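[1] everything below, folded, please.
(one chain, ligands or ions: 2)
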Amino acid sequence: MSEHFTEAGSVDAVTSRTGPETDARLSRVMSSLVSHLHAFAKDVDLQQNEWSMAIEFLTKTGKICSDERQEFILLSDILGFSMLVDAISNRRPKGATESTVVGPFHVANAPKRAMGDNISLDGVGEPCLFTGRVLDLDGNPIAGATIDVWSDNADGFYDVQQPDVQPKWNNRGLFTTGEDGSYSFYGIKPVSYPIPDDGPVGKLLAKLGRHPYRPAHMHYNVSAPGYNNLCTHTFVGDDEYISSDAVFGVKTSLVAPFEPSDDVDAKWESPFDFVLAKA
Ligand code: BEZ
Ligand code: FE
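    Ligands and ions are numbered 1, 2, ... in the order given. Sure, this is the predicted structure:
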């Protein structure tokens with residue numbers, strides 16, 4: 001008979017129960033999770049009232065989740081965990097555009113748009129012309145790449161956060177590159193905004209002395225047959241939150257130019273090339 005539970009032998013007491021038929025990956029992941037979880041409790045000398053607070057926090061986090069709101073992902077985001085998993089899962093060769101966090105506001109099957117179209121349907125905000133190319137690692141254009149773009153409006157909200165205020169599909173669209181791999185569309189220069197902070201994650205941020213803001217960014221998902229999918233942003237470099245993104249999404253290589261434009265229809269222009277690695 002194996003030893004009963006002791007503080008010193010706590011990890012073994014749990015992991016030795018895993019059955020011999022258990023999937024090898026599940027067994028490894030759960031053993032490591034139990035080991036780190038127990039080490040954490042021992043490290044901070046976790047007390048029962050603190051354990052109760054944690055259970056209450058997780059319960060509230062679950063209860064606020066709905067089809068429109070995913071508070072657990074938000075929790076993962078503010079702990080830097082989403083960015084860590086993104087980094088581990090998307091190790092790319094040098095020269096390929098870096099990825100960043102997806103966020104909760106992507107909507108699949110946005111309307112297909114023609115190059116040069118305007119995605120800002122509410123017409124509010126500072127017009128910006130977005131241009132660039134989708135390239136492979138050798139600098140060759142990738143034809144037939146899909147660029148799925150989404151951003152907040154001038155008030156810092158996505159259309160899905162304000163279904164009664166904004167036109168459906170405001171600041172969203174799907175573009176397909178032609179032979180030269182280029183893209184161009186009009187939108188607005190994005191603005192910084194707070195992540196949803198009226199739930200348990202927002203309260204935790206406040207207790208930690210942290211603000212909930214993300215620096216202004218455009219979301220892109222760039223995909224092409226035979227290439228790794230790229231989910232990324234471009235950032236406005238002089239944004240006041242560029243060094244303190246609530247979800248740690250900023251990478252230096254993703255800061256894009258936002259320059260005054262001579263275009264009659266735009267106040268700003270933002271050129272940026274996306275480089276995809278082969279799958
Ligand atoms: C976003 O950029 O849309 C986002 C990312 C993480 C959490 C909340 C929002
Ligand atoms: Fe965003």
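[2] hey, C-alpha coordinates of the top strand by length along the chain in PDB?
    Counting by DSSP state E, the longest strand found in the chain is strand 127-136. What follows is strand 127-136, C-alpha atoms only, in PDB (Å, rounded to 0.1, in the frame of the first residue of the first chain):
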ATOM      1  CA  PRO A 127      -9.400  58.100 -41.700                       C
ATOM      2  CA  CYS A 128      -6.300  55.900 -42.400                       C
ATOM      3  CA  LEU A 129      -5.100  54.200 -45.500                       C
ATOM      4  CA  PHE A 130      -3.600  50.700 -44.700                       C
ATOM      5  CA  THR A 131      -1.300  49.300 -47.400                       C
ATOM      6  CA  GLY A 132       1.400  46.600 -47.700                       C
ATOM      7  CA  ARG A 133       2.200  43.200 -49.200                       C
ATOM      8  CA  VAL A 134       2.000  39.600 -48.100                       C
ATOM      9  CA  LEU A 135       5.400  38.000 -48.700                       C
ATOM     10  CA  ASP A 136       7.200  34.700 -48.200                       C
END
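[3] which secondary structure elements does it contact?
    Judged by 3 or more C-beta pairs under 8 Å, 6 or more residues apart in numbering; DSSP states H and E, strand 127-136 is in contact with strand 182-188, strand 268-271, strand 274-276. Yep, even glycine has a C-beta here, placed from its N, CA and C like the rest.
[4] leaving out the residues flanking it, which one is nearest to the closest residue to ligand 1 within the stretch 1-150 of the chain?
    Using C-beta to the nearest ligand atom, the single residue of the stretch 1-150 of the chain nearest to ligand 1 is G103, 2.7 Å away. Nearest non-adjacent residue to G103, counting by C-beta to C-beta, 6 or more residues apart in numbering: H219, 6.6 Å away.
[5] neighbours of the one you found, how many?
    Close neighbours of H219, defined as other C-beta atoms under 10 Å, add up to 24.
[6] that one - that's part of a strand, no?
    Yes: counting by DSSP: H, G, I helix; E, B strand; the rest coil, H219 is part of a strand.
[7] that one against P104, yeah?
    No: applying C-beta atoms under 8 Å, one finds H219 not in contact with P104, separated by 11.0 Å.
[8] residue contacts, D239?
    S192, P215, A216 (C-beta atoms under 8 Å, 6 or more residues apart in numbering).
[9] could you do N171 as well?
    I119, S120, L121, W150, S151, D152, N153, Y158, D159, G187, I188.
[10] do G132 as well
    The contact partners of G132, taken as C-beta under 8 Å, 6+ apart, are S182, Y183, P271, F272, D273, F274.
[11] what does the fifth one show for phi and psi?
    Translated: D273. Here is the backbone geometry of D273 (degrees, to the nearest 10): phi -100, psi 140.
[12] one step back: quick one, what contacts the residue of the stretch 1-150 of the chain closest to ligand 1?
    So G103 contacts D77, H219, V247, G249 (C-beta under 8 Å, 6+ apart).
[13] residues contacting P225?
    Here P225 is in contact with G144 (criterion: C-beta under 8 Å, 6+ apart).
[14] the one 3 residues further on now?
    For N228, the contact set (C-beta under 8 Å, 6+ apart) comprises N90, R92, A96, L276, A277, K278, A279.
[15] before we move on, back to that, out of the contacts of G103, who's nearest D164?
    Nearest to D164 out of the contacts of G103 is H219 (C-beta to C-beta; 22.5 Å).
[16] re the thing from before, how close does the residue of the stretch 1-150 of the chain closest to ligand 1 get to D12?
    From G103 across to D12, the span is 40 Å (C-beta to C-beta, to the nearest Å).
[17] which strand or helix spans G62?
    Secondary structure from DSSP states H and E places G62 in helix 48-63.
[18] what's the mean pLDDT across that helix?
    Here helix 48-63 scores 98 as its mean pLDDT.
[19] now swap in stretch 180-188 and tell me
    Averaged across stretch 180-188, the pLDDT comes to 98.
[20] stretch 58-77 near ligand 1 anywhere?
    Yes: interface with ligand 1: stretch 58-77 contributes L74, D77 (C-beta under 6 Å from any ligand atom).
[21] still on that earlier bit, need the contacts of N171 in JSON lines with secondary structure, distance to ligand 1 and neighbour count, can you?
    Formatted as JSON lines, the contacts of N171 follow (DSSP: H, G, I helix; E, B strand; the rest coil; distance: C-beta to the nearest ligand atom, whole Å; neighbours: other C-beta atoms under 10 Å):
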{"residue": "I119", "secondary structure": "coil", "distance to ligand 1": "16", "neighbour count": "23"}
{"residue": "S120", "secondary structure": "coil", "distance to ligand 1": "17", "neighbour count": "20"}
{"residue": "L121", "secondary structure": "coil", "distance to ligand 1": "18", "neighbour count": "17"}
{"residue": "W150", "secondary structure": "strand", "distance to ligand 1": "8", "neighbour count": "23"}
{"residue": "S151", "secondary structure": "coil", "distance to ligand 1": "9", "neighbour count": "27"}
{"residue": "D152", "secondary structure": "coil", "distance to ligand 1": "8", "neighbour count": "25"}
{"residue": "N153", "secondary structure": "coil", "distance to ligand 1": "13", "neighbour count": "26"}
{"residue": "Y158", "secondary structure": "coil", "distance to ligand 1": "7", "neighbour count": "21"}
{"residue": "D159", "secondary structure": "helix", "distance to ligand 1": "12", "neighbour count": "22"}
{"residue": "G187", "secondary structure": "strand", "distance to ligand 1": "15", "neighbour count": "27"}
{"residue": "I188", "secondary structure": "strand", "distance to ligand 1": "15", "neighbour count": "25"}
